[in-house]
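Visitor: One predicted model, sequence on top.
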Amino acid sequence: MSNQSRIRTKKQAKADLRRRGVSVAQFARAHGLAVGTVYHVLSGVSPALRGEAHKAAVLLGIKNGVIEQGGE
């Protein structure tokens, strides 16, 4: 089974947060992310290619990727 089957749309990621009763700010704080970055990823303002935006997209499940430990 491939990881691609688990990738979701931004709309699905937002719906999942609502379903779990978690605000974007709570999600961001729980993962050590800037709230604005998570909003930008969810709205499509950020392409989430690298850095914190990449990490947010992977954690939200809207991007298949690896989160490197250590420096950014």
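Guide: Great, that's in hand. Numbers count the residues shown, from 1 in each chain.

Visitor: From here on, just use CA atoms for contacts and neighbour counts.
Guide: Noted.

Visitor: low-scoring pLDDT stretches of this protein, where are they?
Guide: 1-5, 71-72 (pLDDT under 70).

Visitor: let's see it at 80
Guide: 1-5, 70-72 (pLDDT under 80).

Visitor: ranges for the strands of this structure?
Guide: Counting by DSSP state E, the chain has no strands to list.

Visitor: how about the helices of it, start to end?
Guide: 10-20, 24-30, 35-43, 51-60 (DSSP state H).

Visitor: What's the end-to-end length of stretch 14-33?
Guide: Stretch 14-33 stretches 16 Å from its first residue to its last (Cα to Cα, to the nearest Å).

Visitor: List the buried residues in that stretch.
Guide: Under the neighbour-count criterion of 16 or more other Cα atoms under 10 Å, stretch 14-33 has 14, 24, 27-28, 33 buried.

Visitor: Check what contacts it and list those residues.
Guide: By Cα atoms under 8 Å, 6 or more residues apart in numbering, the residues outside stretch 14-33 that reach it are 34-35, 38-39, 42, 52, 56.

Visitor: ok, and the most crowded of the residues you listed?
Guide: With neighbours taken as other Cα atoms under 10 Å, the top of the contacts of stretch 14-33 is residue 56, carrying 28 neighbours.

Visitor: do you know how far it is from residue 29?
Guide: Taking Cα to Cα, one finds residue 56 at 11 Å from residue 29.

Visitor: Count the neighbours of residue 64 for me.
Guide: Residue 64: 17 neighbours (other Cα under 10 Å).

Visitor: can you give me phi and psi for it?
Guide: phi -80, psi 120 (degrees, to the nearest 10).

Visitor: From residue 55, how far off is it?
Guide: 10 Å.

Visitor: looking at it, residue 61 is touching residue 8, isn't it?
Guide: Yes - judged on Cα atoms under 8 Å, residue 61 makes contact with residue 8 at a distance of 5.9 Å.

Visitor: quick one: which of the helices of the chain is nearest residue 70?
Guide: Taking Cα to Cα, helix 51-60 is the member of the helices of the chain nearest to residue 70, at 11.4 Å.
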